[in-house]
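Q: Sequence first, predicted model second:
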Amino acid sequence: MSASRRSPAQRRKRRLWRGILAGLASIAAVVAAGLPLYVFPPVSSPEPADVVFVIGPPDQWRLDWAQQLLAEGTAGALMISTPDPDAESLCAADEPNPVECARPDPFTTRGEARWLRSEMAARGWSRAIVITVTPHVSRTRVVFDRCIPSSVQVVGRSTGLNLAKWAYQYLYQTAGFIKVALNPGC
């Protein structure tokens, strides 16, 4: 049947299906484009560094991983970015390695990078390991590379991310990349 012979209801139904298919194709394209950025960013095993830096939020798995790196001798000091330094038990504990806790200003990835840059300069550190969640690795790397001329390794894990959290991370990290593009420099 030619397009002119279709009823208005058939034409609406056809347009609806085309819209649905276009929407699904767009979602698939966004998911595919995000795979190398958010799901499978290039990461390697942490190499020896002066400090391991847990950027916010300081989830327990991040803190555990940082303590493991300290115990293995991979790093000699710990920095924790937290909205409430007084609430973090590691910040108040008597630890064998130096622990610095603060709420960077601003409390953003850029603020965290500036704080690390300042601490590295003040302490003579040249290498750092930054721990974050996997979807944040690529954007963290871009921001920290802009702020710190020395070697910063960004590592991450996808602990506890279900489909809804992955969808949220895609949106959040994409918005973050737009912000990074609009605000060059450190």
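A: Ah, there it is.

Q: All the helices of the chain, in order from the start?
A: Taking DSSP state H as the test, the helices found in the chain are 8-34, 60-71, 89-92, 109-123, 137-147, 163-182.

Q: Only the buried residues of the longest one, if you could.
A: Of the residues in helix 8-34, those buried by neighbour count under the rule 16 or more other C-beta atoms under 10 Å are Gly34. C-beta coordinates here come from the backbone N, C-alpha and C atoms, glycine included.

Q: hey, which helix or strand in this structure has the poorest pLDDT?
A: helix 89-92 (a mean of 75; mean pLDDT, DSSP states H and E).

Q: list the contacts for the nearest residue to Glu100 once chain neighbours are set aside?
A: Excluding the flanking residues, the one nearest Glu100 by C-beta to C-beta, 6 or more residues apart in numbering is Met79, at 4.8 Å. The contact partners of Met79, by C-beta atoms under 8 Å, 6 or more residues apart in numbering, come to Val51, Val52, Phe53, Val54, Val99, Glu100, Cys101, Ala102, Trp115, Leu116, Glu119.

Q: Format the residues you listed as a markdown table; extra columns: distance to Trp61.
A: Formatted as a markdown table, these follow (distance: C-beta to C-beta, whole Å):
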| residue | distance to Trp61 |
| --- | --- |
| Val51 | 19 |
| Val52 | 14 |
| Phe53 | 15 |
| Val54 | 10 |
| Val99 | 17 |
| Glu100 | 20 |
| Cys101 | 17 |
| Ala102 | 21 |
| Trp115 | 22 |
| Leu116 | 20 |
| Glu119 | 23 |
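
Q: Is it possible to get TSV of those residues that adds pLDDT, distance to Trp17 and neighbour count?
A: TSV is the format used below for the contacts of Met79 (pLDDT from 0 to 100; distance: C-beta to C-beta, whole Å; neighbours: other C-beta atoms under 10 Å):
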residue	pLDDT	distance to Trp17	neighbour count
Val51	97	56	26
Val52	97	52	27
Phe53	97	50	28
Val54	96	48	27
Val99	87	58	19
Glu100	89	58	17
Cys101	90	55	19
Ala102	91	54	16
Trp115	96	52	21
Leu116	97	51	24
Glu119	95	57	18
